[in-house]
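K.L.:
sequence and predicted structure below; questions after.
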Amino acid sequence: MSALRLRKPGDQVMFDQEQWKVISKTHQRRWRKAFKAICFTRALVSLSKKVIDKNGPLLRTLSYVAIDMQPAAAADEDSSPVKSVSFPNVDPKILSDMVRDKKIDYLNHFGGVNQLVLVLESDVKHGINGSDADVIRRRNFFGANKYQKKPPRSFLSFVIEALKDTTIIILLACAVLSLVFGIKEDGWKDGWYDGGSIIVAVILVVAVSAVSNFKQSKQFDKLSTKRSDIRVEVVRDGRRQPISIFEIVVGDIVCLKIGDQIPADGLFLEGHSLMVDESSMTGESDHVEIHETICPFLLSGTKVTDGIGVMLVTSVGMNTLWGEMMSSINGGSNEETPLQERLNKLTSYIGKVGLAVAAIVLAVLLIRYFTGNTKDDTGNKGFNGSKTKSDDVLNAVVKIVAAAVTIIVVAIPEGLPLAVTLTLAFSMKRMMDDQAMVRKLSACETMGSATTICTDKTGTLTLNKMKVTEFWLGKEAVKDDGTSLDMEGNVLKLLQQAVGLNTTGTIYKQHSASEPEISGSPTEKAILSWAFFNLDLNIEEVKKNNKIIHVEIFNSVKKRSGVLVKSNSENKIHTHWKGAAEMILTSCSSYYNKAGMLKVMDAEERQQLETIIKNMAAKSLRCIAFAYKEKGEESGQVLENNLEENGLTLLGIIGLKDPCREGVRRAVESCKAAGVNIKMITGDNVHTARAIAIESGILNPDGDLDNEAVLEGVEFRNYSTEERMEKVNKIRVMARSSPLDKLLMVQCLKQKGHVVAVTGDGTNDAPALKEADIGLSMGIQGTEVAKESSDIVILDDNFESVVTVLKWGRCVYNNIQKFLQFQLTVNVAALVINFVAAVSSGKIPLTTVQLLWVNLIMDTLGALALATEKPSNDLLAKPAVGRSEPLITRIMWRNLIAQALYQITILLVLQFKGRSIFGVDEKVNNTLIFNTFVFCQVFNEFNARKLEKKNIFTGLLQNKLFLAIIGITIVLQSIMVEILKRFANTVRLDWGQWGVCIGLAALSWPIAWVVKCIPVHAS
């Protein structure tokens, strides 16, 4: 039979004459068959009109058929039918509209969810086959799970933005006027230098600024993409596996749990108690209950707030409402951090001072010029009344205005916002390498001020690699000798049910000889692994022999999960519970012993079991108990959603070992040395929590073991407000805590004036993460809800990474202070020198081009050199920076004033006495002033590296960028003086004069050393 294909318009099949003769008869037969098929199709269409009128609109199908007429030879070679086009009975738009508008009638046309699974060539249990060819085919037909982003800002836009600066516009205007007057007076050959030099200098400043901002913008875009990359669990080829949200395709079977973001539009297949928060899409705050028949529709971008489930993906990317919405609102972040806001105010204030100085200089220079006190290069008066040409007057006025405007350019520290952007971008990139992804820029700064860290235990302080090390059947320990555990068949069968049915994990074996692949949370994986190897658990067989009626998901308050099951072979219903051992024990009235006999639990035996749990917990074991209750099926009916909670029978207790991370104790000690308090808030029982706290160094075994240092969440919750405020500082460990207890702890600490960082991984941790000054979510175990509520995601769930974030937070603040000290020194020196020289002599020693060059060194290059220092361990030796601490500390003022006074002194001496001291003319003297001023900044950059330490060279060789920028600055300065003489208005210096410039500038090092010996209080 001929293959049917969809052919693009314009596609042709070419034959030569001989081929056509051979296949003409074959084609005639095919055309007849095609004609009959078309007639039959039209007849079906006419007959279906009545159905359309009665039952409403049919789903849209393909509107044409193309017949692929192949040469007979080709047909003979491949007689098997060619596969039809991908998904011929599916229209992506109909699938999109069905879920978006929640049209149940559309779903019914497909024959229900299970039928649609087959239409999409998937499988409820095994998913799609997952081969590269299959994934590409689905992506080509249905689209990729990505939304269209707005194009990033071009480099030209940053150039235009830099050119919009008012001072730059005024400078360019002055440069153009100077160019016009210069060319008019001296001709093209010599007249363009003054104006042209200013234009080139301005273009250089604008270009460097634009390149720097463009690079940082690209960096932030990359981090934004990384933040959007969510890991999703799918079933492909029968195997449960995590993939990127961007790799999801239509037909995928996705596993959902509490806190997950729904990765694409789809339909509910199976699950229990699934509740979804659709407020991000619909604005409705009420959670929606997802049901197989009533409301099976799942919208991309919404969050799972309760339950577990499995969904079929029906639409992805731009075919979803979430994709359309994100593509329309997606853009660059305009977030301004608190430090940036403070620096903008400081910049504004300094700018006003610079404007006032420039106005005074402008007035003084104009008065001196028009009163005849200014002389030109030949020694004659610059202005001689009516004898002076109008062009000369205008040219002189333009030069004076340009000089005044340049003073403003130098005075305004544009480099401060750039320095913040650079250090934030640099720290964000390096923090990614150190396993911390920043979601909110302000967190980089705030973390440096943290005084208290409230941390989880599992996975943060511990490795999160659990293993069952103890198993107790009643009051007897069952030894693990590497083979199946010795116990009676009835108890073994019940334990297999307890583990295999009451779990969110899975066991996958490709074939009988292969190793099992176990998925789920670390706790579930440990239990399933133990049951597989020690209880001979066949999870598929257990599920086949029993029907799950109702599931109660793990509850952070009750600390347990439950399942109601009906045996397929027996007329019995079992309620199985799994959870915190001491809590399960309170609901039990009987237990099984090792011989498989059911025994009543009296008060004495209950106490003995409690002691067993306490001793296990003291060994840092997480204790989990299994219990069940059996009930006969009454009158053939099952009472749904009714899980018995009392009168249970204890099946067994297991102890899971989760060892502390290797570097945790060292990290905790570093925090303590930095003045940061560590509090452990965990859901484990108080004995396990205390053991881990001692092991990790949070608790001192000698002095911190009183009742005030360690308590349970319920106790803290029941305190009065006054008692909580009084005791919150003393608490080191809070066990058996709920997410609300964590929130209460954060609120109390903030009221006490602490800057609080909190770690969290669950959906219920979201309020505490939002309430904290810095929310730190876990990248591995954290839910998407927790991550979205946090400021920083700890990618490896490691407490050492939390300490690294603390270090980077302090580093950001410290780098800004370094640059601030460096730049303000230049500002003060430049303003004072120009002001004094202008008022006293009527001349400014530094020309417009020279001042712009100094501005480039201190703004862009200085920011790059000082804002990219890596954090050192010294930062943790200092106390945290308070919220209200001034940006410029007394230590900074001490260093700044000393260096500025030295620079002002030597430059004014050179200005007024340089010619007589060195026996040089004015041009050489001005070059000496310019060269010395620039080298003072170069040497002062070294001083700014360490605000308090006398040794300014510590760690210098590790900062290659700093050394490179220093080298570039020196090379460019040499070119400015020795080669670009006309451009920079300089003359060449001999070796002795170079030595004088460098020697005078180098004296700033010993001066800085001496000044740092003067004791100053930090704030």
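P.N.:
Received it, and whenever you're ready, just let me know what you need. Just so we're clear, the structure is a prediction, and the values are computed from it rather than from any experiment. Numbering: from 1, shown residues only.
K.L.:
state which helix of this protein is the longest.
P.N.:
Ranked by residue count, the top helix of the chain under DSSP state H comes out as helix 799-841.
K.L.:
going on from it, what's the next piece of helix or strand?
P.N.:
Using DSSP states H and E, the helix or strand that follows helix 799-841 in sequence is helix 848-856.
K.L.:
could you give the angle of that next one to helix 799-841?
P.N.:
Interaxial angle of helix 848-856 relative to helix 799-841 (axes from the mean of the first three to the mean of the last three CA atoms, to 10 degrees): 160 degrees.
K.L.:
now do helix 848-856, average pLDDT.
P.N.:
For helix 848-856, mean pLDDT rounds to 78.
K.L.:
continuing past that helix, what's the next helix or strand?
P.N.:
helix 862-866.
K.L.:
same question for that next one, mean pLDDT?
P.N.:
Throughout helix 862-866, pLDDT has a mean value of 83.
K.L.:
helices or strands next to it in the packing?
P.N.:
Under the contact criterion of 3 or more CB pairs under 8 Å, 6 or more residues apart in numbering; DSSP states H and E, helix 862-866 touches helix 415-433, helix 799-841, helix 922-944, helix 960-978. In this view, the C-beta of every residue, glycine as well, is placed from N, C-alpha and C.
K.L.:
got the ones you listed as a markdown table, with distance to K399, mean neighbour count and mean pLDDT columns?
P.N.:
Formatted as a markdown table, the helices and strands packed on helix 862-866 follow (distance: least, CB to CB, whole Å; neighbours: other CB atoms under 10 Å; pLDDT from 0 to 100):
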| stretch | distance to K399 | mean neighbour count | mean pLDDT |
| --- | --- | --- | --- |
| helix 415-433 | 26 | 22 | 77 |
| helix 799-841 | 13 | 23 | 85 |
| helix 922-944 | 15 | 22 | 93 |
| helix 960-978 | 20 | 15 | 91 |
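K.L.:
which residues does the residue lying closest to V934 once chain neighbours are set aside contact?
P.N.:
Spatial nearest neighbour of V934, excluding adjacent residues (CB to CB, 6 or more residues apart in numbering): Q973 at 5.2 Å. Residues in contact with Q973 (CB atoms under 8 Å, 6 or more residues apart in numbering) are 931, 934-935, 938.
K.L.:
G111: which of those residues is nearest?
P.N.:
The closest of these to G111 turns out to be V938 (CB to CB; 77.6 Å).
K.L.:
tell me the contacts of the closest one?
P.N.:
Going by CB under 8 Å, 6+ apart, V938 touches 857, 966, 969-970, 973, 1001.
K.L.:
and what of G579?
P.N.:
For G579, the contact set (CB under 8 Å, 6+ apart) comprises 554, 558-561, 624-625.
K.L.:
do that again at 7 Å, thanks
P.N.:
By CB atoms under 7 Å, 6 or more residues apart in numbering, the contact set of G579 is 559-561, 624-625.
K.L.:
who wins for most neighbours among the residues you listed?
P.N.:
A625 (27 neighbours; other CB atoms under 10 Å).
K.L.:
roughly how far is the helix or strand containing that one from the heart of the chain?
P.N.:
Using DSSP H and E, A625 falls within strand 621-632. Relative to the chain's own centre, strand 621-632 is displaced by 40 Å; criterion: CA atoms, centre = their mean, to the nearest Å.
K.L.:
also stretch 445-458?
P.N.:
17 Å.
K.L.:
how much space separates the nearest residue to G130 once chain neighbours are set aside from T451?
P.N.:
Leaving aside its chain neighbours, G130 sits nearest to R236 (3.2 Å; criterion: CB to CB, 6+ apart). From R236 across to T451, the span is 47 Å (CB to CB, to the nearest Å).
K.L.:
JSON lines please, covering the contacts of V938 and showing distance to Y147.
P.N.:
What follows is those, written out as JSON lines (distance: CB to CB, whole Å):
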{"residue": "I857", "distance to Y147": "43"}
{"residue": "I966", "distance to Y147": "45"}
{"residue": "T969", "distance to Y147": "44"}
{"residue": "I970", "distance to Y147": "49"}
{"residue": "Q973", "distance to Y147": "49"}
{"residue": "A1001", "distance to Y147": "55"}
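K.L.:
ok, so of those residues, who is nearest L156?
P.N.:
I857 (25.7 Å).
K.L.:
that closest one reaches T969, doesn't it?
P.N.:
Yes. Between I857 and T969 there is a contact under CB atoms under 7 Å: 5.8 Å.
K.L.:
how many other residues sit next to M601?
P.N.:
Residues within reach of M601, counting by other CB under 10 Å, total 18.
K.L.:
kindly report the same for Q216.
P.N.:
Close neighbours of Q216, defined as other CB under 10 Å, add up to 18.
K.L.:
pretty sure it is touching A425, no?
P.N.:
Yes. Here Q216 reaches A425: they are 4.5 Å apart, a contact under CB under 7 Å.
K.L.:
quick one: mean pLDDT over stretch 599-619.
P.N.:
The average pLDDT within stretch 599-619 is 92.
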